[in-house]
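Participant: curious how this folds, go ahead:
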Amino acid sequence: MTALPPFLQRIDLRWGAVLLSCLFSLLVITLNPIPNDDAFGYLRAAELFVSDGLQATLTSYGWYGYSVLIGLVDAVLPGDLMTSAHVLNILAFAVLVYAFITLVMSYQHSPPVTFFAVVVILCFPTLNEMRFNLIRDFGYWGLCLSALVQLIRYCRTSHSRHAVGWVLAMTAAIVFRLEGLLIMLVSPVALLLQREVALNERLVRAGTLYVLAAAGGIVLLLLFLPADISLIDVFRFAYRWYLPLLSNYPETLTNAAAGTPLALDVTTDLDGFTGKGFFILGLGFVYATVLNLVMSLGPVVSLLLAVGFLTRKLSLPDHARWPWWFFLGSALLALLLFVSILQFLTTRYAMMAALLLLSLLPLYLDSLYRQAQDSGHAKRFQRLFAACATYFLLDSLVSFGYSKDYIEEGIDWTRSNIAADERLTTNSPAIAYYSGLVPEYDQVDTDVMRVLDNITREGFLVLDLASREVAAIETIASRNRITELARFANNRNDAVIVYRLSP
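Facilitator: Model prediction:
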């Protein structure tokens, strides 16, 4: 993009992007002070680490290295664990932004491509909308992209420092999420496909990565050994919901098929699984995986990338092609396993693959811009690009939906009107946490009907009810010993309702 101002071509845009990312995070957190429900599990695990140490955290919560980091940040920062968690997330998001732009620059190092990379990652709605969440994924995604940068550089130069950088980045990523083990295991194979390098050299390069990875694993084992922590047991506990389903995968697939209209075609009986059935379910899981990716990327980006692939205007240089494909393949395999085992969709698990695909978009935008220049439509392209970037940025940083202030109002009521020795029952982890009245705030059952069924003692009942939860409201109205004390609602009639429970 020769139209870039000269000063933008002289400075490193990545640091400006990092600064903007931090400002965006502060804005989104300010507008959305109540984080996601999963956040409270991470905070409770961090509390346990601060009070009882690493072994207690790993024993109770599994592979929660993210919570350990929150506890360590809290040790050096003023404020509470929530503040420390947000600071850690802001920094992790900054690493993600920097790594994404650096990855794109490793494909093609030119000012226009770098500029497009900055705009793409800062205006990507799916990521921006997550900024107020407390999730370990930000660190995982940023470190995986950093590892890919190191692998690409190692492919190009064979310098050992990049091999060490790959191992360090992947090991750090595994601290956040264990799925990084799959990428660490698979991605070195990319080095074997560099045909411009002699076979012996390819074997040495790939072997070097595996040796370094094994050495890193041994170091981790030795670090945990004095604390009497078995990493195998920790891994098993971390995947306690997945491993039973994976170990008996045919039955898992049969049960999945039994609940569909295709059940009679898919299974012969509960103990058998036909080839036809496996094929149908396989197609279904692949479709679900693709749908998850489209949901994560968004329709516009998905369409642009699809057109770029179909017109063959999206291509990577030789030194980056195979590392990128193996990282993408590993991420897609992890997503496919997740979808096929637990059988539901979530953008968080699709985001690693989505980010890898998104990293190609700046290349395509640069190609489209050069095409617009050649045809004399550069100004039109610039106006359209600026309009789209502005729309996506505002859409992802500013909430135009229904207000969530009623939740904060309900929390304030609990703080002002419920004594410390009173019993509080709620379906909201946020209310449980901020009220200070529920020690095990991360164990709160979010299902309203189950909460109502399990009420056994007097005290206060504070429910976060969506407007559509008519059955719960009718159940409450039918019970004599539940008296409404206060109600806080938005325009859609989502409400936090405070009840008094009588003996």
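
Participant: let me see the backbone angles for residue 495.
Facilitator: Backbone torsions of residue 495, given as degrees, to the nearest 10, read phi -150, psi 150.

Participant: beyond the helix or strand bottoming out on mean pLDDT in the chain, next helix or strand please.
Facilitator: Within the chain, judged by mean pLDDT, DSSP states H and E, the helix or strand with the poorest mean is helix 263-266; its value is a mean of 40. Counting by DSSP states H and E, the element after helix 263-266 in chain order, helix or strand, is helix 275-297.

Participant: please pull up the helix or strand immediately following that next one.
Facilitator: By DSSP H and E, the next helix or strand past helix 275-297 is helix 299-310.

Participant: how about the contacts made by residue 352?
Facilitator: By Cβ atoms under 8 Å, 6 or more residues apart in numbering, the residues touching residue 352 are 140-141, 144, 179, 331, 334-335. C-beta coordinates here come from the backbone N, C-alpha and C atoms, glycine included.

Participant: secondary structure class for it?
Facilitator: Following DSSP: H, G, I helix; E, B strand; the rest coil, residue 352 is assigned to helix.

Participant: where does this structure have low pLDDT?
Facilitator: 1-10, 227-228, 230, 235-279, 281, 342-345 (pLDDT under 70).

Participant: if we can go back for a sec, what would the contacts of residue 352 look like in CSV with distance to residue 229, secondary structure and neighbour count?
Facilitator: Below are the contacts of residue 352 laid out as CSV (distance: Cβ to Cβ, whole Å; DSSP: H, G, I helix; E, B strand; the rest coil; neighbours: other Cβ atoms under 10 Å):
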residue, distance to residue 229, secondary structure, neighbour count
140, 21, helix, 26
141, 26, helix, 28
144, 25, helix, 31
179, 21, coil, 22
331, 28, helix, 26
334, 25, helix, 22
335, 29, helix, 26
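
Participant: want to throw those residues into CSV with distance to residue 367?
Facilitator: What follows is those, written out as CSV (distance: Cβ to Cβ, whole Å):
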residue, distance to residue 367
140, 30
141, 26
144, 26
179, 32
331, 24
334, 30
335, 28
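
Participant: the one helix or strand residue 163 maps to - contacts with which helices or strands?
Facilitator: For residue 163, the host element (DSSP H and E) is helix 160-176. Applying 3 or more Cβ pairs under 8 Å, 6 or more residues apart in numbering; DSSP states H and E, we find helix 160-176 packed against helix 65-76, helix 137-157, helix 180-186, helix 199-224.

Participant: just so I know, which of those lies nearest residue 302?
Facilitator: With Cβ to Cβ as the criterion, residue 302 lies closest to helix 137-157 of the helices and strands packed on helix 160-176, at 18.6 Å.

Participant: after the host helix or strand of residue 434 comes which helix or strand?
Facilitator: Element membership of residue 434 [criterion: DSSP H and E] is helix 429-435. Using DSSP H and E, the helix or strand that follows helix 429-435 in sequence is helix 448-453.

Participant: what is the three-state secondary structure of the nearest residue to residue 360 once chain neighbours are set aside?
Facilitator: Closest residue in space to residue 360, ignoring its immediate chain neighbours: residue 314 at 5.2 Å, by Cβ to Cβ, 6 or more residues apart in numbering. Under three-state DSSP, the three-state class of residue 314 is coil.

Participant: one step back: distance from the helix holding residue 434 to the middle of the chain?
Facilitator: Chain-centre distance of helix 429-435: 23 Å, with Cα atoms, centre = their mean, to the nearest Å.

Participant: before we move on, what about stretch 360-376?
Facilitator: With Cα atoms, centre = their mean as the basis, stretch 360-376 stands 30 Å off its chain's centre.

Participant: in it, what's buried?
Facilitator: Buried positions in stretch 360-376, judged by neighbour count with 16 or more other Cβ atoms under 10 Å: 360-369, 372.

Participant: any chance of a markdown table for these, columns distance to residue 24?
Facilitator: As requested, the buried residues of stretch 360-376 are arranged in a markdown table below (distance: Cβ to Cβ, whole Å):
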| residue | distance to residue 24 |
| --- | --- |
| 360 | 23 |
| 361 | 19 |
| 362 | 19 |
| 363 | 24 |
| 364 | 24 |
| 365 | 21 |
| 366 | 24 |
| 367 | 28 |
| 368 | 26 |
| 369 | 25 |
| 372 | 28 |
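
Participant: so which of those residues are in helices?
Facilitator: In helices, defined here by DSSP state H, the members of the buried residues of stretch 360-376 are 361-369, 372.

Participant: hmm, back to that, of all the buried residues of stretch 360-376, which comes closest to residue 404?
Facilitator: Distances from residue 404 to the buried residues of stretch 360-376, taken by Cβ to Cβ, are shortest for residue 361, at 31.6 Å.

Participant: list the contacts of the closest residue to residue 104 other than its chain neighbours.
Facilitator: Using Cβ to Cβ, 6+ apart and skipping the chain neighbours, the partner closest in space to residue 104 is residue 117 (3.8 Å). Listed by Cβ under 8 Å, 6+ apart, the contact set of residue 117 reads 100-101, 104-105, 359, 362.

Participant: cool, residue 13 as well?
Facilitator: Contacts of residue 13 by Cβ under 8 Å, 6+ apart are 101, 114-115, 118.

Participant: residues of stretch 380-399 that come out buried?
Facilitator: Within stretch 380-399, the residues scored as buried using 16+ other Cβ under 10 Å are 381, 385, 392-393, 396-397.

Participant: tell me the SS of residue 484?
Facilitator: Under three-state DSSP, residue 484 falls in the strand class.

Participant: my read is that it contacts residue 496, right?
Facilitator: No: using Cβ atoms under 8 Å, residue 484 is not in contact with residue 496, being 11.5 Å away.

Participant: for my notes, confirm residue 462 occurs in a strand.
Facilitator: Yes: judged by three-state DSSP, residue 462 forms part of a strand.

Participant: distance of it from residue 485?
Facilitator: According to Cβ to Cβ, to the nearest Å, residue 462 and residue 485 sit 9 Å apart.

Participant: swap in residue 43?
Facilitator: Separation of residue 43 from residue 485 (Cβ to Cβ): 28 Å.

Participant: neighbour-wise, which of the two wins?
Facilitator: Per other Cβ atoms under 10 Å, whichever of residue 43 and residue 485 has more neighbours is residue 43, with 24 against 13.

Participant: skip the chain neighbours and tell me the closest residue to the more buried one.
Facilitator: Nearest residue to residue 43 in three dimensions, chain neighbours excluded: residue 81, at 5.3 Å (Cβ to Cβ, 6+ apart).
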